[in-house]
Structure formats: C-alpha cells, structure tokens
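K.L.:
Provided below are the primary sequence and the corresponding predicted coordinates.
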Amino acid sequence: MPQKTFDKIITNEKIDTRKLTRARRIMSKLYQELPTYIARGHGPFLAAIYDERGHLIAQAANTVIKSKCSHNHAEMNVLRMVERVLKTHDLSSRNLSLYVTSEPCMMCLGGIMWSGISAVYYGVPSESVESITGFDEGFKQNWINEFKRRKITVYGNIESAIGEQILREYIKQKRIVYKPKRS
Ligand SMILES: [Zn+2]
C-alpha cells in the first residue's frame, strides 16, 4: 500500500521516494539517539547535517539549559558546527541537508534560511510539539512555501509518531520546558 506510506508527509516538491527513504532512515537513527542526549541534560531536539552522498557532517542536540543560551537550539548548534568545520558562512554550494527531530521554530527557520542549507527534513510538526510539551514554536506562516521560493526543499512529519512518543516521555520525566515568563 505505497499510497498510505505518504499519508502524513508534508513537502514542497513532488515526493521523491529516494529522498524520503533516506530521510526515514536518518530520522529513525536520530530518534534512537535522542533519549541518550535527554538523559545527559540536553533539550529534547536533535539535528544532523548530511552531504549529498549521505555522509554525516555534524550532529547536535539542543543545549539551551546546559549552555545557558536561549538560541542554542539543535539546528543552530549543528549549523554553527558545520560552518566551522567547512570554514564558511555560506553552505549554498555544498548541497547539504538538515535533518531535525521536530519542525524548526521561528528562530531556526531564519538560521536555516541564511545558512544556505539546501533541504530540511523534520519529524514532529510544531502543533504536536506545542500540544504535547508546551514549548512555544513561534509564528511562521506559510514557511514551507517561503522556503520553496528560496529553493529550499522541505519534507515533514517523517516518522513523527516515534518523535511524539519521545516528547511525551520528556514531559513524563518532568524535565524543563523553558520559555520566557511573561505573566
Ligand atoms: Zn529552534
């Protein structure tokens, strides 16, 4: 039933099964490794950047609490690492893909856009992140089409049920859901 496989996938291009198969494999690996990062005090989000041949360049989790830095989301951390490793502020000629266990927040969409990343693959959609955890993902209307306009491919909801289960577990463990207190 190949049709069913694509039911929940969100994308801004015609589905490419080769890309999707690779994304499912990488996302499953990230979900497998994420609980270990959480146990070490990281936030419940993990990102990785791969080159076009499928080689891992760098991987990073969210370190907001550990590093006392509000913008150390997994995506920002991994972009910083890759730009340092490749010694460039502009990744656009490298055809790199970013994989992240949850949909990027409004800050990370900006960071990704200005980095020159070519494709974004994410797991859990923001509405699920917000309803399960209470994290605030920001406002980011129509971003998938905005990325298409800028030639950035997006695939979302990849193996999201597994990712949602990890977020539920994070809440069950009473770990910190950090956001500014504005009361
Ligand atoms: Zn973010």
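P.N.:
Yes, it's here. If you're wondering where the values come from, they're calculated on a predicted model, not measured in any experiment. Numbers count the residues shown, from 1 in each chain.

K.L.:
how about the residues of this structure near the ion?
P.N.:
Applying Cβ under 5 Å from the ion, one finds that the chain approaches the ion through 73, 105, 108. C-beta: built from backbone N, CA, C; applies to glycine.

K.L.:
so residue 148, which of the three states?
P.N.:
Three-state assignment for residue 148 (DSSP: H, G, I helix; E, B strand; the rest coil): helix.

K.L.:
just confirm it contacts residue 154, I think it does.
P.N.:
Yes: here residue 148 reaches residue 154: they are 7.4 Å apart, a contact under Cβ atoms under 8 Å.

K.L.:
comparing the two, which shows the higher neighbour count?
P.N.:
Ranked by neighbour count (other Cβ atoms under 10 Å), residue 148 and residue 154 place residue 154 first, with 21 against 15.

K.L.:
OK, contacts around the more buried one?
P.N.:
10-12, 119-122, 144, 147-148 (Cβ atoms under 8 Å, 6 or more residues apart in numbering).

K.L.:
before we move on, which element is it in?
P.N.:
Counting by DSSP states H and E, the element that carries residue 154 is strand 153-156.

K.L.:
may I have the helix or strand hosting residue 122 exported as PDB, CA atoms only?
P.N.:
Secondary structure from DSSP H and E places residue 122 in strand 119-124. Taking Å, rounded to 0.1, in the frame of the first residue of the first chain, the C-alpha atoms of strand 119-124 are listed here in PDB:
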ATOM      1  CA  ALA A 119      16.900  20.800   2.200                       C
ATOM      2  CA  VAL A 120      15.200  20.400   5.500                       C
ATOM      3  CA  TYR A 121      13.700  17.200   6.800                       C
ATOM      4  CA  TYR A 122      11.800  17.200  10.100                       C
ATOM      5  CA  GLY A 123       9.900  14.800  12.300                       C
ATOM      6  CA  VAL A 124       7.200  16.000  14.700                       C
END
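
K.L.:
got the phi and psi for residue 93?
P.N.:
phi -90, psi 0 (degrees, to the nearest 10).

K.L.:
ugh, typo on my part, it should be residue 14
P.N.:
When quoted as degrees, to the nearest 10, the phi and psi of residue 14 stand at phi -70, psi 130.

K.L.:
that one: how many residues sit nearby?
P.N.:
The tally of other residues near residue 14 (other Cβ under 10 Å) stands at 5.

K.L.:
quick one, grab the pLDDT at it.
P.N.:
The per-residue pLDDT reported for residue 14 equals 96.

K.L.:
with residue 4 instead?
P.N.:
Residue 4 is given a pLDDT of 47.

K.L.:
and what of residue 172?
P.N.:
Per-residue pLDDT puts residue 172 at 92.

K.L.:
so it versus the ion, what's the distance?
P.N.:
Per Cβ to the ion, to the nearest Å, residue 172 is found 23 Å from the ion.
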